[in-house]
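1. sequence plus the predicted model coming up.
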Amino acid sequence: MSEKDQTKADKKISELEDRIKELHQQLEKLTAEKQETFEQLQRVSADYANYQKRIPKQIADSVTYEKKAILRSLLPSIDNFERALSHASAAPGEQTLDTLVKGIQLVFDHMLDTLKGHGVQRIEAMNQPFDPALHEAMMQRTEPDKPDNVVLDVYQAGYRMNDQVLRPCRVIINKLHHPMPAAGGENDETTDTESQV
């Protein structure tokens, strides 16, 4: 082998050794990055597992807190019921009934105010057009002097919280029967009637 070829070979070996060193450095760097990423992933995984354990407890605690707040706000109504009953039993004769009715009205008003404080409102239904999203028709009645499909009476009040219906109103609606010509040419007139829906 000539000196020129030997120099070329030595140069090539030197280049290859430098390249091997460079590759070893890259390998060490990538191994360190991989280890760091793996440790990070383990920490994130552990945090997520702790999060999954913690969240149901936080939700349960939050629900319990809200229940306590609602129940605490209703306790004065119970106290007022108790007072009304004790005054009614202590008052003689006709005053008993008046006292009891006033006491019950105060408790009822207080409970409605408490519900309003929690975002719950009564759904107005009387003389309103029937709305299946807010009302549940229990019966139909015909009153010719009222518009068709209007609420005539409320069996049970309905409530909503914000824009969600908690319970629809149970109502009687007006159903006007339009007279149909009979075979003999006479019109059948309908009177005030009630029918189950």
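-> Structure received.

2. all strands in the protein, in order from the N-terminus.
-> 120-122, 135-141, 151-156, 159-161, 164-167, 169-174, 194-196 (DSSP state E).

3. adjacent strands (with direction) for the longest one?
-> Here strand 135-141 is paired, per DSSP bridges, with strand 169-174 (parallel), strand 194-196 (antiparallel).

4. okay, buried residues for that strand please.
-> Judged by neighbour count using 16 or more other Cβ atoms under 10 Å, the buried positions of strand 135-141 are 135, 137, 138, 139, 140. Glycine gets a C-beta too; all of them are placed from N, C-alpha and C.

5. so residue 137 sits against residue 168, correct?
-> No. Counting by Cβ atoms under 8 Å, residue 137 does not reach residue 168; the two are 9.7 Å apart.

6. let me see the domain layout of this protein.
-> Domain segmentation of the chain under automatic domain parsing yields 18-115, 121-196.

7. for residue 5, give its distance to residue 12.
-> Counting by Cβ to Cβ, to the nearest Å, the gap from residue 5 to residue 12 is 10 Å.

8. how long is stretch 131-151 end to end?
-> This stretch, stretch 131-151, spans 9 Å end to end (Cα to Cα, to the nearest Å).

9. go on, stretch 125-141?
-> Start-to-end span of stretch 125-141 (Cα to Cα) is 16 Å.

10. what is the mean pLDDT for it?
-> Model confidence over stretch 125-141, given as mean pLDDT, is 93.
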